[in-house]
Structures are given as C-alpha cells and as structure tokens.
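J.: dropping the sequence and predicted coords here.
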Amino acid sequence: MPPKKKTTRAPKRRPATSTAPTATPAPRETAVLGDPRRWPLVLWAVLVLVWLCGSALTFVLAMAEATYITSGAEVTTQSRRDVVGYLIGLLVFALGSPLAGAITAAVLRRWIAATVFALALLASAGLLFWIAPPGQILAAISGAY
C-alpha cells in the first residue's frame, strides 16, 4: 500500500489573544412569561384548565341546585336566580374559554392551536346544546329575572 499523502499546507494561525481567560457569560434563564415563544402556551394551558374545571364545577353546582329545587323544597325566586347564575357561568366557561383561545391563536397565526380550540368550542357547544337547546337556556335565563 502506498503511504498516506501528507498535507503541504501550513496550519492556520490563531490570532493572538491575551493569556487571561475570558469570562463567558452564563446562559440566562428566562422566566416562562418572559420568553415571547412560551407565553401563548401558558395562556392556552390556563384557558384549557379554566374551560375544563370551570365547566365541570358550574355544571355540578347547577345540577345540585336544580336537584334541590325539584326534590320538593319550596321554589323561590332566589333559588331560580342561583340556578340561572350557575347556568350563565356554565355558558361563559364552556363557550367563552374555547372562543377566547381560538381568537387568540388565530390572531397569533397559530393555526393548529386555533383549530384545536375551535373544535373544543364545537364539542362544548354541541354537548351543552344537546342537554338543553338554546331556546330553553334563554327562556330559563329570562324567566328568572
């Protein structure tokens, strides 16, 4: 076998530097909200938690109050207003949170997130309006006041 070919170029010289070691800056840790790439993720996570927890809580409270009313207790104006208050809260949590997420994602041009929030809005509205149609919900709200 023939011997390896040697390079004929001279090695490149590094520029002369001082002998003191230079301090490299430590990587700066930024908070989640300080990083412009991460704050939408935090906002969407909060909106999903508000959507799920708020919808479930107000639904349970509305059903508990409605069960109490229909169990033979006296139906008062205050108890009707309590049920309607929980119903309005359910509408806000079930429809408002996914709508806010879809609008925010669309404004930020995050199309996948906007699609997911729009699907969550459709699922939430479909389930809510399957339980009670919009006409019944509006009649219940207007009937209590």
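T.: Sure, I can see it. Residues are numbered from 1 along each chain as shown.

J.: now the longest helix that the chain contains: buried residues?
T.: Among the elements of the chain assigned as helix by DSSP state H, the one spanning the most residues is helix 39-70. Neighbour-count burial for helix 39-70, counted by 16 or more other CB atoms under 10 Å, picks out 43-44, 47-48, 50-51, 54-55, 58-59, 61-62, 65-66, 69. From N, CA and C alone the C-beta is placed, and that goes for glycine too.

J.: what's the helix or strand following that helix packed up against?
T.: Heading C-terminal from helix 39-70, the first helix or strand you meet, by DSSP states H and E, is helix 77-91. Contact here means 3 or more CB pairs under 8 Å, 6 or more residues apart in numbering; DSSP states H and E; on that basis helix 77-91 packs against helix 39-70, helix 134-144.

J.: kindly recompute the last result at 10 Å.
T.: Helices and strands touching helix 77-91, by 3 or more CB pairs under 10 Å, 6 or more residues apart in numbering; DSSP states H and E, are helix 39-70, helix 111-131, helix 134-144.

J.: got the angle between it and helix 39-70?
T.: Interaxial angle, helix 77-91 versus helix 39-70 (axes from the mean of the first three to the mean of the last three CA atoms, to 10 degrees): 150 degrees.

J.: look up the pLDDT of A123 for me, please.
T.: At A123, the pLDDT value in this model is 95.

J.: show me the contacts for it.
T.: When contacts are counted by CB atoms under 10 Å, 6 or more residues apart in numbering, A123 touches A94, P98.

J.: next one: V42 from A113, what distance?
T.: Going from V42 to A113 by CB to CB, to the nearest Å gives 13 Å.

J.: let me have the helices and strands packed on helix 77-91 in TSV, extended by distance to I88.
T.: Shown next, in TSV, are the helices and strands packed on helix 77-91 (distance: least, CB to CB, whole Å):
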stretch	distance to I88
helix 39-70	9
helix 111-131	12
helix 134-144	7
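
J.: out of those helices, which gets nearest to G96?
T.: For these, the distance to G96 is smallest for helix 39-70, at 8.5 Å, taking CB to CB.
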